[in-house]
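Participant: How does the following fold in three dimensions:
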Amino acid sequence: MDEFLLYSIESFPPLRESIDKLNKLYNTEEIDTKAIVRVIESDPILYTDILHYANSPHYGFRQPISHISQVITLFGQTSLRGMAIIAALKAHPFTDLKVYGITIEGWFAVMEKQQRFLELWLRKDHRELLEPLGGLPFILEIGRLVASYALMFAHNPYRFRKTSPEELLMEEKNIIGASGDELACKLFETWFFDAALIDALRYSFAPDSALRPKESAVLNCARTLFTLKTTEPFETIAPILEQYSLDTKNALNAYQTIIGATA
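Facilitator: Down below sits the predicted model:
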């Protein structure tokens, strides 16, 4: 990655101070859960948005969730991190995604579909695939925000045209010298993300090269079905489901639930 792109990442407007504190807490051998709760509860934006998300009807919890400690119990520490980053991004000063022909609201909606698909598909019977991914499914397309910033920073008026995720990665690389995923992985390194999470995203469209191929393969499915501009037919992911012996029935049910909710 050239110096300009590295500088673009370094100068990318920071997230809220609370996220910096959280990233440092997560970068310890033993995560201090009480400290994480204190950081989130001290930030009204993160606190309110996380509880709002956790109380979404599609989770079906019988009792309302009113404490961050409950969120950790139900979703896990690393998923909480993804929720916090999404909340911080909603308050971020840079929200220009016109280079992809999508609004910031549309971008969040795509990532929500991707995350929800993985949750509905894997939570019940395949937690061994979902839980190691932690908060990553919440922010799979964050590299596109960084790429948009890099283009703006370079005063480059280019607009990306590809809709296929793999073709878009190549278009990004040709235009700015790195794909959105490469930029995201570099950003995650500065945020002290676990190396295995970074690897899962880096190889989500080349799972055979990943340390844990199945985890990258499920990310591939989510990102192939729910792209920045389209929702693809379920049959599009049939080859990767077969190649990696992934559960088809639950994946189809998850897909149909999301399609039905947005119809």
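Participant: drop to CA atoms for contacts and neighbour counts, all remaining ones
Facilitator: Fine.
Participant: Skip the chain neighbours and tell me the closest residue to the residue nearest to the spatial centre of the chain.
Facilitator: The chain has Ile139 as the residue nearest its centroid, 1.8 Å off, counting by Cα atoms, centre = their mean. Spatial nearest neighbour of Ile139, excluding adjacent residues (Cα to Cα, 6 or more residues apart in numbering): Met111 at 6.3 Å.
Participant: ok, the one you found to Ile36 distance?
Facilitator: With distances taken as Cα to Cα, to the nearest Å, Met111 is found 24 Å from Ile36.
Participant: State the pLDDT value of Leu5.
Facilitator: Predicted confidence (pLDDT) for Leu5: 84.
Participant: circling back to that earlier point, kindly state the pLDDT recorded for the residue nearest to Ile139?
Facilitator: On pLDDT, Met111 comes in at 96.
Participant: Going by secondary structure, it is in what exactly?
Facilitator: Using DSSP states H and E, Met111 sits within helix 104-122.
Participant: May I see the buried residues of that helix?
Facilitator: Within helix 104-122, the residues that count as buried by 16 or more other Cα atoms under 10 Å are 104, 107-108, 110-122.
Participant: cool, stretch 144-155 as well?
Facilitator: Of the residues in stretch 144-155, those buried (16+ other Cα under 10 Å) are Arg144, Leu145, Val146, Ala147, Ser148, Tyr149, Ala150, Leu151.
Participant: Kindly report the same for stretch 24-40.
Facilitator: Buried residues in stretch 24-40 (16+ other Cα under 10 Å): Leu25, Tyr26, Ile36, Val37, Val39, Ile40.
Participant: pLDDT (mean, whole number) over that stretch?
Facilitator: For stretch 24-40, mean pLDDT is 91.
Participant: Figure out how far that stretch is from the centre of its chain.
Facilitator: The chain centre lies 20 Å from the centre of stretch 24-40; the measure is Cα atoms, centre = their mean, to the nearest Å.
Participant: Same question for stretch 99-107.
Facilitator: Relative to the mean C-alpha coordinate of its chain, stretch 99-107 is positioned 15 Å out (Cα atoms, centre = their mean).
Participant: now do stretch 228-244
Facilitator: On Cα atoms, centre = their mean, the centre of stretch 228-244 falls 18 Å from that of its chain.
Participant: distance between the ends of it?
Facilitator: End-to-end for stretch 228-244, by Cα to Cα: 25 Å.
Participant: residues of that stretch that come out buried?
Facilitator: For stretch 228-244, by 16+ other Cα under 10 Å, it's Leu228, Lys229, Ile237, Ile240, Leu241.
Participant: Can you list the residue ranges for strands in this structure?
Facilitator: For the chain, applying DSSP state E gives no strands.
Participant: who's in contact with Val231?
Facilitator: Not quite, residue 231 is Thr, not Val. Leu225 (Cα atoms under 8 Å, 6 or more residues apart in numbering).
Participant: and it, how far is that from Gln256?
Facilitator: 12 Å.
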